[in-house]
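Visitor: Attaching a predicted model along with its sequence, questions to come.
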Amino acid sequence: MEAAMASQNQITNLFEVSMIADALGVPVEFRPRDSYHVSDMTGHGTYDQPVGSWSDDSSLTLCLAETLTEGGGPTQLMQKFTAYLDGDYTPHGIRFDIGIGTSEAISRFNTGHVPATEAGSRLANANGNGALMRIAPLAFALDGQNWRDRRQRITDFTTVTHGHERSIIASCLYVETLRQLLAGQALAEALKQASQLVHQGDFRAEEFAYFDRVLNPDFFATPRDQIRSSGYVIDSLEAAVWCAANAASVQDLILTAANLGEDTDTIAQIAACLYAAGHLDEQAPAQWRKALIQTKQSRRIITDFAQKFGEQ
């Protein structure tokens, strides 16, 4: 299956929607569900950052987008992640957020001199969402490759920070679902097609079983109180899919995700990518677009990526 090409404007819009979702979730990250209510773009909160500030989710996504535009691989990506630690790829030149698994992997790469693709922890208790949150750009960069080659590239760009099989399956499902959405499939069908493909990937049945709930045809109707919104990769994928499946608009999607509590910025960002891939021309509200902080660097990376991977 070849993903239908998105236009440069549509790719730019997907980045913008995902960064806005991230920025809406940042001020309320780690807060318990229903202990607050987000109805607009706000600032400060958890990290005391200005309105429109995006987190490591968007920063590390920009790192991957730039790596792909430059034709680089996992080693180049890890070099950019290292620069992120010093404040590069951020809205204000200051890093205020990074996941433990990602931080430890960067340390292994730099001080332990571990190869990039082996830097991520292989432990089962290290299945955070730090690979899932940044891997969406790959959906645009895998056309013309067969499934085996796509699986390898998704794996290589996952294991730099998250090396366990569960995280690799999650990344494969997510990227292949995005590709199906870009090709015009509805979300339910996109998930089904992606899962059938990923089932061919020699993954262990006991690991694939962790995805049974999100891949169940009835999952979209799950009540909100049964959706978990932690940073565990399974919870994050389920929450993002549930938000995308039940959203009436991009604004509704982002607010629903940001109000789930706990890992709000990441779940909102993943959900936004899923929704935007299926609604390529739907923009976020104008006031949110205006409030989103954009840097010279972020604009350049997104423009260059869209020019390389988008239709004229």
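Guide: Alright, I've got the coordinates. The structure presented is a predicted model; accordingly, all values stated were derived computationally and were not measured.
Visitor: buried ones in stretch 36-46?
Guide: Neighbour counts over stretch 36-46 (16 or more other C-beta atoms under 10 Å) mark 38, 41-42, 45-46 as buried. Placement of C-beta: from N, CA and C, glycine included.
Visitor: Stretch 288-296 too?
Guide: 288-289, 291-293.
Visitor: re the thing from before, turn the buried residues of stretch 36-46 into a markdown table, including secondary structure.
Guide: A markdown table is the format used below for these (DSSP: H, G, I helix; E, B strand; the rest coil):
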| residue | secondary structure |
| --- | --- |
| 38 | coil |
| 41 | coil |
| 42 | coil |
| 45 | helix |
| 46 | helix |
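Visitor: With distance to residue 25 and pLDDT as new columns, can the residues you listed be given to me in JSON lines?
Guide: As requested, those are exported to JSON lines (distance: C-beta to C-beta, whole Å; pLDDT from 0 to 100):
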{"residue": "38", "distance to residue 25": "8", "pLDDT": "95"}
{"residue": "41", "distance to residue 25": "10", "pLDDT": "91"}
{"residue": "42", "distance to residue 25": "11", "pLDDT": "86"}
{"residue": "45", "distance to residue 25": "10", "pLDDT": "80"}
{"residue": "46", "distance to residue 25": "9", "pLDDT": "81"}
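Visitor: Which pair in those residues has the greatest spatial separation?
Guide: In the buried residues of stretch 36-46, two members sit farther apart than any others by C-beta to C-beta. They are 41 and 46, at 14.6 Å.
Visitor: number of nearby residues for residue 299?
Guide: 12 (other C-beta atoms under 10 Å).
Visitor: Look at it and report its pLDDT.
Guide: pLDDT for residue 299: 98.
Visitor: Where does it fall, secondary structure wise?
Guide: Element membership of residue 299, judged by DSSP states H and E, is helix 296-309.
Visitor: Quick one: distance of that helix to the chain centre.
Guide: Distance, stretch centre to chain centre, for helix 296-309: 17 Å (C-alpha atoms, centre = their mean, to the nearest Å).
Visitor: For it, which outside residues touch it?
Guide: Contact with helix 296-309 is made by 6, 8-9, 11-12, 15-16, 19, 58, 62, 65-66, 68-69, 88-89, 91, 137, 140-141, as judged by C-beta atoms under 8 Å, 6 or more residues apart in numbering.
Visitor: May I see the buried residues of the host helix or strand of residue 101?
Guide: Element membership for residue 101 (DSSP H and E) is helix 100-110. Along helix 100-110, these residues count as buried under the neighbour rule (16+ other C-beta under 10 Å): 101-102, 104-106, 108-109.
Visitor: could you give the mean pLDDT of it?
Guide: Helix 100-110 comes out with an average pLDDT of 93.
Visitor: cool, stretch 214-225 as well?
Guide: Stretch 214-225 carries an average pLDDT of 97.
Visitor: That stretch: end-to-end distance?
Guide: Start-to-end span of stretch 214-225 (C-alpha to C-alpha, to the nearest Å) is 15 Å.
Visitor: Flag every buried residue along it.
Guide: 214-215, 219, 222.
Visitor: Show me those residues that map onto helices.
Guide: 214-215 (DSSP state H).
Visitor: Among the buried residues of stretch 36-46, which one lies nearest to residue 196?
Guide: Nearest to residue 196 out of these is residue 38 (C-beta to C-beta; 36.4 Å).
Visitor: for the closest one, what are its contacts?
Guide: Residue 38 touches 24, 27-28, 255, 258-259, counting by C-beta under 8 Å, 6+ apart.
Visitor: Please, where are all the helices along the stretch 1-150 of the chain?
Guide: Taking DSSP state H, counting those that start in this stretch as the test, the helices found in the stretch 1-150 of the chain are 8-25, 56-69, 74-85, 100-110, 147-159.
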